[in-house]
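J.: Generate coordinates for the sequence data below:
(chains A, B, C and D, ligands or ions: 4)
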Number of protein chains: 2
Amino acid sequence: MPPASKAKSKKTKKKAATAARRSVEATARSHERTRSDHAREIAEDYVELIDDLIAECGEARAVDMAKRLGVTQVTVTKTIERLKKDGWVTSEPYRSVFLTDKGKELADYVRARHEMVLEFLLKLGVPRADAEADAEGIEHHISPRTLAAMKRYVEG
Amino acid sequence: MPPASKAKSKKTKKKAATAARRSVEATARSHERTRSDHAREIAEDYVELIDDLIAECGEARAVDMAKRLGVTQVTVTKTIERLKKDGWVTSEPYRSVFLTDKGKELADYVRARHEMVLEFLLKLGVPRADAEADAEGIEHHISPRTLAAMKRYVEG
DNA sequence: AGATAATTTTAGCACAAGCTATATTTTGTA
DNA sequence: TACAAAATATAGCTTGTGCTAAAATTATCT
Ligand SMILES: [Mn+2]
Ligand SMILES: [Mn+2]
Ligand SMILES: [Mn+2]
Ligand SMILES: [Mn+2]
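T.: Ligands and ions are numbered 1, 2, ... in the order given. Predicted coordinates for the structure are as follows:
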């Protein structure tokens, strides 16, 4: 038994602070939203990249995805299996990857959002290199209402 | 062997598009930055939360962290072990959690950044509920330069 | 066509982050 | 002080995302 000694009887000791705080439940919901954003994030980056590669190179190969993502080709191939299972892409053994209709739809939304976030950061005065790096992470946590606010700022 | 048929001989077929694109290497570096942000993200949320709980409740208990994070107490306890290993916190069996100096420093930086991101979104016109949810994810991908730009916008 | 190069697959590993169920310990109260 | 409730720890599982090494397949070039 380690010595306790600190913090004397804090049963009803919660809340002595003044500033009104969000409810515990609301805080939990925000963290849950962030976790679900993360669960979707790789699918979003992959479909956007696949769509880019098809447009630029005529097809999306694992080796090219790996180069742009900074991971090994093995990682790409395994992830593609999951994306297939979830209905975002199709592919045959030893062949390149294609988007399903659902995948193409996601790619279109995700690219538009990504471009908007980048334009927004640039207009805000963030240097291009930082803006591009930050946008890659930020994009996945932008709700429709935040996206709308960014659009107003960029266009207005 | 599945029928290929599509995309005829694309060896040197790369780049027919017009718009200048970032280099493959720069794209990879952005994705790598995002992945390292994610690796740090849980440590950031935990130290901020631990600091909050100590201020509000006098101590940081796993059960309260679990409620605010929306995960089970088991998950919290296991994560705390990792944070301990990485030098952010200390704790004894069956006792609450404390921040190391390094942990307190991180908490201070992270809270200031989180608050700035939230204020920024609010000033941009994002409804409070969305701003709070989005900020929870966005905060971890904000570079110092983007933070500075947000500060200028909020204060200016 | 055959050799070689490039690409993809397979096998096997590691770690982070989540979970449920159950045991143990601490804490509050009768 | 003992009992009950609350909190924490332990055991064991799943999934996602990364890796290296080696085998299999496809593509290119002479
Ligand atoms: Mn993107
Ligand atoms: Mn991204
Ligand atoms: Mn957060
Ligand atoms: Mn994130």
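J.: so does stretch A:69-87 get close to chain B?
T.: Yes. On the criterion Cβ under 8 Å from any Cβ of the partner chain, stretch A:69-87 is in touch with chain B at A:69-71. No exception for glycine: its C-beta is placed from N, CA and C like everyone else's.
J.: Quick check, A:Thr100 in contact with A:Trp88.
T.: Yes. Assessed by Cβ atoms under 8 Å, A:Thr100 is found in contact with A:Trp88 at 6.2 Å.
J.: what about the helices in chain A?
T.: Counting by DSSP state H, one finds helices in chain A at the ranges A:24-57, A:62-69, A:73-85, A:101-124, A:128-138, A:144-155.
J.: and those helices, which is most packed in?
T.: Among the helices of chain A, ranked by average contacts under mean count of other Cβ atoms under 10 Å in any protein chain shown, first place goes to helix A:128-138 (a mean of 22).
J.: pLDDT on that one, on average?
T.: The pLDDT scores in helix A:128-138 average 98.
J.: which residues does A:Asp64 contact?
T.: Residues counted as contacts of A:Asp64 (Cβ atoms under 8 Å, 6 or more residues apart in numbering or on different chains) are A:53, A:57.
J.: any idea how far it is from B:Thr27?
T.: When distance is defined by Cβ to Cβ, to the nearest Å, A:Asp64 is 11 Å away from B:Thr27.
J.: same thing with A:His141?
T.: 20 Å.
J.: Please apply the same query to A:Ile80.
T.: 18 Å.
J.: before we move on, what about A:Lys104?
T.: 21 Å.
J.: again, but for A:Gly58
T.: Counting by Cβ to Cβ - A:Gly58 and B:Thr27 are separated by 19 Å.
J.: what's the answer for A:Val76, then?
T.: 14 Å.
J.: Residues that sit against both of the two, list them.
T.: A:Leu69.
J.: coming back round to it: and the residues of stretch A:69-87 next to chain B as CSV, adding pLDDT?
T.: Shown next, in CSV, are those (pLDDT from 0 to 100):
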residue, pLDDT
A:Leu69, 98
A:Gly70, 98
A:Val71, 98
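J.: Leaving out chain neighbours, which residue sits closest to the spatially most central residue of chain A?
T.: By Cα atoms, centre = their mean, chain A has its centre lying nearest to A:His140, at 2.8 Å. Distances taken as Cβ to Cβ, 6 or more residues apart in numbering or on different chains put A:Glu41 closest to A:His140, at 4.4 Å, once the chain neighbours are dropped.
J.: sorry, back to before: can you tell me which of the residues of stretch A:69-87 next to chain B is nearest ligand 2?
T.: A:Leu69 (9.8 Å; Cβ to the ion).
J.: what residues are up against the residue nearest to the closest one when sequence neighbours are not counted?
T.: Of all residues not flanking A:Leu69 in the chain, B:His31 sits nearest, at 5.1 Å (Cβ to Cβ, 6+ apart). Counting by Cβ under 8 Å, 6+ apart, B:His31 touches A:45, A:68-71, A:136.
J.: hmm, which two among those residues are most spread apart?
T.: Pairwise distances across the contacts of B:His31 peak at 13.8 Å for A:Val71 and A:Glu136 (criterion: Cβ to Cβ).
J.: Can you give the domain ranges for chain A?
T.: Listed by automatic domain parsing, the domain ranges of chain A are A:3-99, A:103-155.
J.: Run the contact check for the last one versus ligand 1.
T.: Spelled out, that is domain A:103-155. Yes. Domain A:103-155 lies within reach of ligand 1 by Cβ under 5 Å from the ion, at A:His114.
J.: can you give me how far that domain is from the chain middle?
T.: 11 Å (Cα atoms, centre = their mean, to the nearest Å).
J.: how about that domain, does it get close to ligand 2?
T.: Yes. Domain A:103-155 comes into contact with ligand 2 (Cβ under 5 Å from the ion), by way of A:Glu136.
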